[in-house]
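Q: fold the following, please.
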Amino acid sequence: MKQQAEALIPTPHGDFRMIAFAERPDDPMPHLALVHKDFKPDKPTWVRIHSECMTGDLFGSGRCDCGEQLEKALELTALHAGIVLYLRQEGRGIGLINKLKAYQLQDQGLNTIDANVHLGFEPDERHYDVALTMLKSLGVRAIHLLTNNPEKIAALDESSIQVLSRVPLIVKPGKRNKEYLEVKQRLMGHLL
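A: Predicted coordinates for the structure are as follows:
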């Protein structure tokens, strides 16, 4: 996997270079790095590894906290000249169609983990090796990791990239995502 294309993207939070990472230059769904224009690879970098969540990121779904976490991460990485990695791992790696099926099962009483398992998946199918490849390609050596997910911390702890600190991304629970967040905390060990 390598950098295939990039362009400057002005956002409400500041200017970021959007860099597409893929195996092939014609890949229609590349992973993305939003790199703040003032990023310096020789300094510790504020980094968010964010898995795609179309329902939350794009449509503002109240079922999760993904869109709010992404928004907060963009604010913080703009403030600290950092990076947001946007990984194409929709629905904890099960894809959008299966995520919608999992939502149907949740509406019938299953929690987010049991719904994924019922569909034949692990509770979380995501992998973070692609994030490591992207960070190394950008020259990142030391980071402040914006996450609540202990699996992301563990993935980076086993790499050559030094995690200097974990920066929590706490979002106030809403009526519709309170149970979802409690399951992530209680059963997946998320640091909420």
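
Q: which residues sit in contact with Val35?
A: Applying C-beta atoms under 8 Å, 6 or more residues apart in numbering to Val35 gives the contacts 16-19, 83, 138. Quick note: C-beta positions are derived from backbone N, CA and C, even for glycine.

Q: cutoff 6 Å now
A: 17, 83 (C-beta atoms under 6 Å, 6 or more residues apart in numbering).

Q: surely it is within a helix?
A: No - with DSSP: H, G, I helix; E, B strand; the rest coil as the criterion, Val35 is located in strand rather than a helix.

Q: count the residues that sit near Ser61.
A: Counted by other C-beta atoms under 10 Å, the residues lying close to Ser61 total 17.

Q: not counting sequence-adjacent ones, nearest residue to it?
A: Nearest non-adjacent residue to Ser61, counting by C-beta to C-beta, 6 or more residues apart in numbering: Thr55, 4.0 Å away.

Q: and that neighbour, that's in a helix?
A: Yes - judged by three-state DSSP, Thr55 forms part of a helix.

Q: where does the residue nearest to the spatial centre of the chain fall, phi/psi-wise?
A: Nearest residue to the geometric centre of the chain (C-alpha atoms, centre = their mean): His50, 1.1 Å. When read as degrees, to the nearest 10, the backbone of His50 gives phi -120, psi 120.

Q: ok, now the one 10 residues further on?
A: Phi and psi for Gly60, reported as degrees, to the nearest 10, are phi 70, psi 30.

Q: now the nearest residue to it once chain neighbours are set aside: which helix or strand?
A: Distances taken as C-beta to C-beta, 6+ apart place Gly67 nearest to Gly60, at 5.5 Å, with adjacent residues excluded. Using DSSP states H and E, Gly67 sits within helix 66-79.

Q: which residues touch that helix?
A: Around helix 66-79, the neighbours that count as contacts under C-beta under 6 Å, 6+ apart are 13-14, 36, 46, 48, 50, 53, 56-57, 60, 84, 146, 169, 171.

Q: and the buried ones among those, selectable in ChimeraX?
A: The ChimeraX selection below is limited to those of those classed as buried (16 or more other C-beta atoms under 10 Å):
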select :13,14,36,46,48,50,53,56,57,84,146,169,171
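
Q: how about the CA coordinates for the helix or strand just after the helix holding Gly67, as PDB?
A: Scanning forward in sequence from helix 66-79 by DSSP H and E, the next helix or strand is strand 83-87. C-alpha atoms of strand 83-87 as PDB (Å, rounded to 0.1, in the frame of the first residue of the first chain):
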ATOM      1  CA  ILE A  83      -3.400  13.700  11.600                       C
ATOM      2  CA  VAL A  84      -6.700  11.900  11.200                       C
ATOM      3  CA  LEU A  85      -6.500   8.500   9.600                       C
ATOM      4  CA  TYR A  86      -9.800   7.500   8.000                       C
ATOM      5  CA  LEU A  87      -9.800   3.700   7.600                       C
END
